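Trainee: what follows is a predicted protein model with its sequence.
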Amino acid sequence: MSIQLRGGRLRRDGPLALAALWVAPLWVVVFPPMVDYPQQLALSAILRWYGDPVRGFREVHELALAAPHGLFELLTAGLAWVLPINAAGKGLVSLSLLAVGAAALAVCRRQGRPASYALLALALTYNYSFYWGFVDNLIAYPLLLGGVAMADGQLDRPFGARSWLALAGVGLLFYTVHLQFLLLFAGAVGWLALVRLPDWRRLAMWLSALAPGLAAGGAAMAYGVLRSPEDVISGYERRMRAAEPFRLSLGQKLYRLPDLLFGPYPDYTAWALAALLAAVAAVALLFRARGREGGGWRDLLFRTRFGTLAGWLFLLYLILPEFRGGYLIAERIAPMAAMLAVVALPPPSPERRRLVAVLAVALAVFQFGQTLSGFLRFRTESAGLPELIAGAEPGENLAGLIYAPGSAVWPTMPVYLHFPAYYQVYKGGRILFSFAELFQTSVRFRPGHSWDDLLREWNEWNPRYFDYPRHGGRFRYFLIRGGPREVEAAFGPDPVRLGLRGRRAGRWILAERVQGSNSVDYP
């Protein structure tokens with residue numbers, strides 16, 4: 001009896017314990033190593049404290065709640081009424097990662113695949129998009145996986161009003177998450193419909209459910225992308241869109257896959273993880289279960305629908321440019337293609353099912369261990385910033401001078417690039433560059449309040465262009481990541497003469513412009 005009870009409790013509580021363990025890296029650090037996350041959190045803070053006169057958001061910002069891509073910001077702002085805002089943001093990121101496993105399991109059940117394949121998809125969540133801080137993409141991954149599982153089920157049933165509304169609802173939800181993934185979802189549903197070889201009336205009825213989401217996305221694109229009026233598109237974004245597209249060769253794209261799927265580690269960690277994933281795929285393919293192989297090409301097309309869908313997404317990754325109009329394009333798709341591919345692997349034979357499960361667990365454990373270790377090292381490396389922010393006055397202007405944006409843990413990622421936005425998260429005020437410059441955000445600058453004149457000469461990517469006599473007058477605080485050499489590069493050999501004083505914590509320096517100050521605490 002006690003053994004049975006323990007077994008039942010393990011089945012009930014085991015998944016919850018594993019879920020908490022999987023997202024533990026996010027909670028061992030104060031600020032996660034995600035490039036864009038601080039900016040997204042700052043937009044959420046503006047929504048949450050928009051009317052706070054001390055933070056001063058209302059004077060320079062206006063709300064654009066109907067803009068696309070606003071779901072993370074709106075949910076975080078709502079949760080911030082009952083939770084600390086950073087906990088709200090990390091909580092949503094955690095749910096997004098775990099939802100990949102749940103959505104992948106739904107796809108596995110649609111195909112009769114073992115549950116261990118969902119663990120493979122979960123192991124792909126700490127990927128390139130995660131470290132870039134593309135929180136919208138992190139929400140889009142499980143939404144697309146769950147959406148195609150739901151769509152596949154609806155297309156197998158009598159398709160009535162409820163089925164139509166369900167598909168239309170998911171399409172509209174993608175509008176609030178990411179327009180690129182709205183197009184991917186529409187293409188995925190279209191493929192799942194076509195492989196069933198329906199007559200044109202049924203196909204038209206199925207695909208009409210995609211019309212509301214595509215119409216909303218098309219309207220947003222027409223207003224915010226095809227047009228460029230100054231009151232809609234900022235000067236910064238217009239210059240960003242004018243940048244030339246960047247495309248890698250086929251060999252370079254293939255070489256970068258391990259980093260895109262498992263994170264940009266400086267050693268061979270990503271390659272080792274990719275090798276483990278390849279071993280799982282090899283065992284599943286070589287020792288696949290023997291089932292019904294007849295039925296002709298129509299049956300084969302239907303049985304491989306998720307695998308071919310993953311192939312279409314991988315082809316898009318190979319075809320699309322890496323960078324266009326100021327945004328990364330292809331890299332966002334690679335993890336999604338891999339998540340679909342692993343849950344579309346053929347089921348292994350009963351004799352090899354345990355081996356596949358062991359390899360899947362080994363992959364997840366290895367990825368978790370590397371991620372946790374990296375986050376613990378990052379916690380030590382990034383220490384000091386919370387103390388500096390806590391000692392600053394609210395509602396002021398802060399300029400970030402991040403001379404060393406990379407981390408020793410992930411040296412190719414500029415993880416510290418937007419860390420100055422944490423001042424805006426906790427204290428309000430303004431920073432040099434804000435995502436409020438971008439069209440697809442829930443908050444924008446009021447007309448005439450953008451600091452585009454400064455951004456034309458100096459921005460977050462180019463701190464070495466900072467000229468204190470020319471640019472420093474608008475700011476009370478200057479957040480520097482660096483040492484004495486960087487302080488001298490920014491302010492010259494004698495910051496006291498300029499009326500500056502500062503505090504240091506770790507590799508962070510917070511300089512404050514105080515006229516008449518006769519002392520400075522720089523090391």
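Mentor: Cool, the structure landed.
Trainee: so what's residue 109 closest to, chain neighbours aside?
Mentor: Spatial nearest neighbour of residue 109, excluding adjacent residues (Cβ to Cβ, 6 or more residues apart in numbering): residue 149 at 7.7 Å. For the C-beta atoms, the positions are set from N, CA and C on the backbone; glycine is no exception.
Trainee: repeat for residue 241
Mentor: Of all residues not flanking residue 241 in the chain, residue 325 sits nearest, at 4.4 Å (Cβ to Cβ, 6+ apart).
Trainee: residue 145 now?
Mentor: residue 103 (3.6 Å).
Trainee: contacts only, for the spatially most central residue of the chain.
Mentor: Closest residue to the average C-alpha location of the chain: residue 134 at 2.2 Å, with Cα atoms, centre = their mean. Shown in contact with residue 134 (Cβ atoms under 8 Å, 6 or more residues apart in numbering): 36, 332.
Trainee: and the residue nearest to residue 145, how many neighbours?
Mentor: By the criterion of other Cβ atoms under 10 Å, residue 103 has 24 neighbours.
Trainee: again, but for residue 345
Mentor: 23.
Trainee: pretty sure it sits against residue 285.
Mentor: Yes: Residue 345 is within contact range of residue 285, at 7.1 Å (criterion: Cβ atoms under 8 Å).
Trainee: how about low-confidence regions in the stretch 51-200 of the chain?
Mentor: Under the criterion pLDDT under 70, no range of the stretch 51-200 of the chain is flagged.
Trainee: hey, where'd the strands end up in it?
Mentor: In the stretch 51-200 of the chain, the strands defined using DSSP state E, counting those that start in this stretch lie at 61-63.
Trainee: how about the chain?
Mentor: With DSSP state E, the ranges of strands along the chain come out as 61-63, 323-324, 327-328, 397-402, 430-431, 443-445, 477-481, 500-505, 508-513.
Trainee: for the third one, what is the distance to the chain centroid?
Mentor: Mean-position distance between strand 327-328 and its chain equals 12 Å (Cα atoms, centre = their mean, to the nearest Å).
Trainee: ditto for the last one
Mentor: Its chain's C-alpha centre lies 30 Å from the corresponding centre of strand 508-513 when counted by Cα atoms, centre = their mean.
Trainee: kindly export that strand (C-alpha atoms) in CSV.
Mentor: This file holds the C-alpha atoms of strand 508-513, laid out as CSV (Å, rounded to 0.1, in the frame of the first residue of the first chain):
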residue,chain,number,x,y,z
TRP,A,508,29.6,48.8,-12.4
ILE,A,509,30.1,52.5,-11.8
LEU,A,510,27.2,55.0,-11.3
ALA,A,511,28.4,58.5,-11.9
GLU,A,512,26.2,61.4,-10.8
ARG,A,513,26.5,64.9,-12.1
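Trainee: thinking residue 118 is in contact with residue 98, fair?
Mentor: No: when contacts are counted by Cβ under 8 Å, residue 118 is not listed as touching residue 98 (11.1 Å).
Trainee: quick revisit: the residue nearest to residue 109 contacts residue 107, doesn't it?
Mentor: Yes: applying Cβ under 8 Å, one finds residue 149 in contact with residue 107, separated by 4.7 Å.
Trainee: and the gap between residue 257 and residue 271?
Mentor: 10 Å (Cβ to Cβ, to the nearest Å).
Trainee: now do the contacts for residue 481.
Mentor: Residue 481 touches 401, 402, 403, 404, 405, 416, 419, 507, 508, 509, counting by Cβ under 8 Å, 6+ apart.
Trainee: check these and tell me the two furthest apart.
Mentor: Using Cβ to Cβ, the contacts of residue 481 span at most 15.0 Å, a distance reached by 405 and 509.
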